[in-house]
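Engineer: Fold the following.
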Amino acid sequence: MNKRFIAALLTVLFLFLFSACAEPQHVLQEGTYVLKERTDRFDAPFIEIYDEDHFTVVLNLAVSYQPSGEFQTQGNIVTMESRYGEGDYTWVFRIVEDNTLRFLPERSSVPESDVDWYSGMTFVLTQF
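Structural biologist: Model prediction:
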């Protein structure tokens, strides 16, 4: 009986420790995501998320054709893949809070453009 109690206690302890280490899952809603430091302006770049797993990255408002495609979410990592022009490109983000994406350049391959994609670039859902 004592062994069973100790085994049950150890099981509960391990479950508690491993669940405490797990990263909390955040929400990513459909809508327009703009740079956090530019929430007062609708300026490029920005990201449209729609139909649960589709996206468009608006690189330049003067250009009608923008990268778009499907994305996958694995935990708090969002991977957006697009064929744009002659290349295949990937934008990878971490969901750091509900409806907040932080760009991960080391895992991304983005097209050349006027946009300076930098580490820590943060996009937030707007209420336009």
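
Engineer: Tell me, what's the model's pLDDT at the residue nearest to Asp53 when sequence neighbours are not counted?
Structural biologist: Distances taken as CB to CB, 6 or more residues apart in numbering put Glu70 closest to Asp53, at 5.3 Å, once the chain neighbours are dropped. For the C-beta atoms, the positions are set from N, CA and C on the backbone; glycine is no exception. On pLDDT, Glu70 comes in at 96.

Engineer: Quick check: Thr11 vs Arg4, distance?
Structural biologist: For Thr11, the distance to Arg4 (CB to CB, to the nearest Å) stands at 10 Å.

Engineer: In this structure, which strand is the longest?
Structural biologist: Criterion DSSP state E: the longest strand present in the chain is strand 87-97.

Engineer: Within its sheet, name the partner strands of the helix or strand following it and how each one runs.
Structural biologist: Elements were assigned by DSSP states H and E; along the chain past strand 87-97, the next helix or strand is strand 100-103. Using DSSP bridges, the strands paired with strand 100-103 are strand 87-97 (antiparallel), strand 122-125 (antiparallel).

Engineer: what comes into contact with the last one?
Structural biologist: Strand 122-125 is touched from outside by 29, 31-37, 39, 46-47, 93, 96, 99-103, with contacts defined as CB atoms under 8 Å, 6 or more residues apart in numbering.

Engineer: same check, this time on stretch 58-68
Structural biologist: Residues from elsewhere that reach stretch 58-68 (CB under 8 Å, 6+ apart): 43-48, 54-57, 82, 84, 89, 111, 113-115.
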